[in-house]
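Student: The sequence and its predicted three-dimensional model are supplied below.
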Amino acid sequence: MRDTLLLDAEAGDPYACLALAYFMETGKEMDQDIPEAMHWFEQAASLGCARAHWELYKFYMAGDYVERDVAIAVAHLVESAELGNVDAQNALAIEFSTGDIIEPDPVSYTHLRAHETGA
């Protein structure tokens with residue numbers, strides 16, 4: 001399985017990159033390798049994978065595997081939301097409403113909440 005995923009990931013399949021990253025992060029199906037997992041999360045994100053951006057947002061916010069960096073985290077959160085990740089849209093709407101890490105913006109909050117609910 002690793003060889004197939006690696007070939008697909010190297011060929012530019014964002015979901016193969018994401019799967020490879022998850023397996024390397026968790027140590028399931030292959031040896032755990034955090035630096036390599038982070039490489040594949042970044043690769044998947046660069047190929048437009050909303051879920052990879054969401055995972056990178058969480059890593060950078062928590063400082064898991066990387067130095068905590070709120071600016072990079074927010075950039076990944078926004079990108080994930082714009083690519084349609086509902087978890088990211090919800091988190092971004094909450095951030096816009098609370099102002100914990102992003103300047104409060106009621107217009108953006110209302111827009112994201114409406115988009116999330118399909119209103």
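Tutor: Ah, there it is.
Student: Work out the gap between stretch 3-19 and the centre of the chain.
Tutor: 17 Å (Cα atoms, centre = their mean, to the nearest Å).
Student: again with stretch 44-56
Tutor: With Cα atoms, centre = their mean, you get 5 Å for stretch 44-56.
Student: One more: stretch 11-30?
Tutor: Per Cα atoms, centre = their mean, the centroid offset for stretch 11-30 relative to its chain is 14 Å.
Student: Export stretch 41-51 to CSV, keeping only CA atoms.
Tutor: Only the C-alpha atoms of stretch 41-51 are listed here, as CSV (Å, rounded to 0.1, in the frame of the first residue of the first chain):
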residue,chain,number,x,y,z
PHE,A,41,0.4,17.5,4.5
GLU,A,42,2.1,20.6,3.0
GLN,A,43,2.2,18.9,-0.4
ALA,A,44,-1.5,18.0,-0.3
ALA,A,45,-2.3,21.6,0.8
SER,A,46,-0.2,23.1,-2.0
LEU,A,47,-2.3,20.9,-4.4
GLY,A,48,-5.6,22.4,-3.1
CYS,A,49,-6.6,19.8,-0.5
ALA,A,50,-8.9,21.6,1.9
ARG,A,51,-8.5,18.8,4.6
